[in-house]
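S.K.: sequence first, then the predicted structure, then my questions.
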Amino acid sequence: MFVLVLSKILLNFKNKSSYVQFASEDLLCFPVSQQLTGTLALAVFTAALGSLQMGYSLGVINAPQKVIERHYARSLGVYNEELARRERGNTTEHEEPTDATVVMYWSLSVATFSIGGMVSSFLVSFVSDIRGRIKGMLFINVLAITAGLLMGLAKMGTPYLMVIAGRAIMGLYCGLSSGLVPLYIGEISPVKYRGAMGALHQLAIVIGILISQVIGLDFLLGNDDMWHVLLGLSGAPAILQSLLLLVCPESPRYLYIKLGKVEEACKSLKRLKGDYDTSKDIAEMQAEKEEVMNEAQMSILRLLRSSVYRQQLFVALMMHLSQQFSGINAIFYYSTSIFQTAGVGQPVYATIGMGVINIIFTLVSVMLVDRAGRRTLTMVGLGGMCCCAVAMTVGMVFQDVYSWMSYLSMAAIFLFVSFFEIGPGPIPWFIVAEIFSQGPRPAAIALAGCCNWTCNFIVGMFFPYLEGLCGNYVFVIFAVLLFGFTVFTYMRVPETKGKTFEEITAVFHHKRGAPPSKPQEEAEMVQLKSSTEA
Ligand SMILES: OC[C@H]1O[C@](O)(CO)[C@@H](O)[C@@H]1O
């Protein structure tokens, strides 16, 4: 599927192969030539294997929950009669494990993944700059392979400890790769198709989620004998990626702007785009280099303190907050048990259906985002999710009264996921780069990534407890939050589609209530610049 979409984009490129005009809003420095080669396809595919791995790790913990919980219970010596009855299949559908220690270790297995992501997302700019994007991706694969080994060998040690450690290390890998992959793809993509190629990151994530759901079926790997292999396979794409990275070209932008290696940058451009005159691309990267030198590089702390970027930062963080507090990962991590509670007969297949819908609507978003706009799609997505959360609650509350209510719950869950992928899923990742200029951009991306992973952790860790507390009404919490996020988007998020950076900045100043106080702003910029230079 991924290869199909990639080749379609490439075919489209081939038909339109030409040089594009240099535009000021494209100062993010993407090469100017539209020429495409197999090397570019290979490089994008190779990088996206990191996103695939992230998706696999997000989805893999879902289907085998009961199997792994049983294993934890045995290992903890709390495998009681109730759990034994479950194993024989003499269970009622609404039973939940009663042992608090098993619930705690399970919740930790889910949530330590996000803690890893939270910690490492801060290090993205460091890892990508020390030895380049390719070596950065190669280096972090050590984490993925270690994590895969820990989980794959979990039966040989203390399973719950090895799984929790493996998930934490895999989280470290994913926090880094969720920054490195879009960065590398963005830097090597031709400007005109940057959006389509950038979206392949999210597409690979959702494909990874579906693969894990399918091979997590109980007659494949989601069973007592094979669950450790299922978890261990999380590290497998890293092996393939490590081999392929050896033949991928380094980002020309990193070579030219960061290292000043003109010849190597030209060589890399030619490998990515064929034999052509690279002077336009080099001139464009030179403009980017000058821009970088003119602007203050900001630390995370400075960005947090700066009044100039307060509005942008607020919007960026709120968008990531709404992505995660929409409850999407409550559905992804726990969908099998949610479907079970909702009275759905074959919960695992419903989960797989959800994965398919997830892919379809990510593709819809790829096609719509440059036409309908970011703000509209985010608002429609969040508003739609809010209505679905209400419908889900109604379905779950009345399922014992009307049996058909389980269909309502299932339809509501499917629609919830569809609305998520239309806007709130993919948009927060790239809107941060759109609303921040080169100076504060890395710090903003680190903060936004950390906010995303932190909220992901909170949902993963506390959702089972909330569910225990609120029962069938648990999605009312998300409905209320989603309503708030929809109103926020309407009031505060500007449309960035087709706008230059200057136009976006002007909108933020206007929203701040006061006209752009240039002297004050410039004074702050000068102060920031001199202090970073010091
Ligand atoms: O497709 C759903 C997945 O997408 C993400 O938001 C990442 O963009 C994950 O947190 C979630 O599990």
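M.R.: Nice, thanks for sending it over. Keep in mind that this is a model prediction, so the values were computed, not measured.
S.K.: now do the same contact list for I140.
M.R.: Residues near I140 by C-beta atoms under 8 Å, 6 or more residues apart in numbering: 127, 173, 176-177, 180. Every C-beta, even on glycine, is put in place using the N, C-alpha and C of the backbone.
S.K.: repeat that for 10 Å
M.R.: Contact partners of I140, counting by C-beta atoms under 10 Å, 6 or more residues apart in numbering, are 50, 120, 123, 127, 172-177, 180, 238, 241.
S.K.: now V102
M.R.: V102 makes contact with 68-76, 78-79, 83, 160, according to C-beta under 10 Å, 6+ apart.
S.K.: rewinding a little: of the contacts of I140, just the buried ones, ChimeraX syntax please.
M.R.: Selection of the buried residues among these in ChimeraX, burial being defined by 16 or more other C-beta atoms under 10 Å:
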select :50,120,123,127,172,173,174,175,176,177,180,238,241
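S.K.: what would the contacts of I140 look like in CSV with secondary structure and pLDDT?
M.R.: Written out in CSV, the entries for the contacts of I140 read as follows (DSSP: H, G, I helix; E, B strand; the rest coil; pLDDT from 0 to 100):
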residue, secondary structure, pLDDT
G50, helix, 96
S120, helix, 94
L123, helix, 88
V127, helix, 88
L172, helix, 96
Y173, helix, 96
C174, helix, 95
G175, helix, 93
L176, helix, 92
S177, helix, 91
L180, helix, 87
A238, helix, 97
Q241, helix, 97
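S.K.: hang on, the earlier thing: ChimeraX command for the buried members of the contacts of V102?
M.R.: With 16+ other C-beta under 10 Å as the criterion, this ChimeraX line picks the buried residues out of the contacts of V102:
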select :68,69,70,71,72,73,75,79,83,160
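S.K.: what's the closest of the contacts of V102 to the ligand?
M.R.: Each of those was checked against the ligand using C-beta to the nearest ligand atom; the closest is I68, at 18.9 Å.
S.K.: surely the closest one is in contact with I61?
M.R.: Yes: I68 is within contact range of I61, at 8.1 Å (criterion: C-beta atoms under 10 Å).
S.K.: need the residues touching each of the two.
M.R.: Shared contacts of I68 and I61 (C-beta under 10 Å, 6+ apart): 106, 109, 163, 230-231.
S.K.: most neighbours among these, which one?
M.R.: Tallying neighbours with other C-beta atoms under 10 Å puts L231 at the head of these, with 31 neighbours.
S.K.: how near is that residue to S75?
M.R.: In this view, L231 and S75 are 15 Å apart by C-beta to C-beta, to the nearest Å.
S.K.: need the max-distance pair from the contacts of I140.
M.R.: For the contacts of I140, the maximum inter-member distance is 19.0 Å, found between L123 and Q241 (C-beta to C-beta).
S.K.: where are the low-confidence patches of this structure?
M.R.: Within the chain, the stretches falling below the threshold (pLDDT under 70) are 1-36, 80-98, 191-195, 291-292, 295-297, 333-334, 342, 438, 499-502, 509-534.
S.K.: write out the residues of it neighbouring the ligand.
M.R.: Counting by C-beta under 6 Å from any ligand atom, the chain comes close to the ligand at 58, 202, 205-206, 323, 328-329, 332, 358, 425, 456.
S.K.: got a quick PyMOL command for the buried subset of the residues you listed?
M.R.: Selecting only the buried entries of these in PyMOL, with 16+ other C-beta under 10 Å as the criterion:
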select buried, resi 58+202+205+206+323+328+329+332+358+425+456
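S.K.: mind listing what A446 touches?
M.R.: Under the criterion of C-beta under 10 Å, 6+ apart, the neighbours of A446 are 121-126, 179, 299-300, 303, 432.
S.K.: give the contact list for C387.
M.R.: The contact partners of C387, by C-beta under 10 Å, 6+ apart, come to 412, 415-416, 419, 479, 482-483.
S.K.: switch the cut-off to 8 Å
M.R.: For C387, no residue counts as a contact, taking C-beta under 8 Å, 6+ apart as the criterion.
S.K.: helix or strand for it, which one?
M.R.: When elements are defined using DSSP states H and E, C387 is found to belong to helix 374-397.
S.K.: tell me the helix or strand right after that helix.
M.R.: Counting by DSSP H and E, what follows helix 374-397 is helix 405-422.
S.K.: now do the strands in the protein.
M.R.: With strands called from DSSP state E, the chain shows none.
S.K.: so how far is Q340 from F475?
M.R.: With C-beta to C-beta as the criterion, F475 and Q340 are 15 Å apart.
S.K.: same check on P252?
M.R.: Here the criterion is C-beta to C-beta. By it, P252 lies 51 Å from Q340.
S.K.: likewise for I431?
M.R.: 36 Å.
S.K.: how about Q346?
M.R.: If you go by C-beta to C-beta, the gap between Q346 and Q340 works out to 10 Å.
S.K.: between the two, which one's more packed in?
M.R.: Legend: neighbour count by other C-beta under 10 Å for Q346 and Q340, higher for Q340 (22 against 11).
S.K.: just give the closest residue to the more buried one, not the sequence neighbours.
M.R.: Closest residue in space to Q340, ignoring its immediate chain neighbours: P347 at 4.7 Å, by C-beta to C-beta, 6 or more residues apart in numbering.
S.K.: contacting residues around that neighbour?
M.R.: Residues near P347 by C-beta under 8 Å, 6+ apart: 335-337, 339-340.
S.K.: and the furthest pair within the residues you listed?
M.R.: Largest separation among these by C-beta to C-beta: S335 and Q340, giving 9.4 Å.
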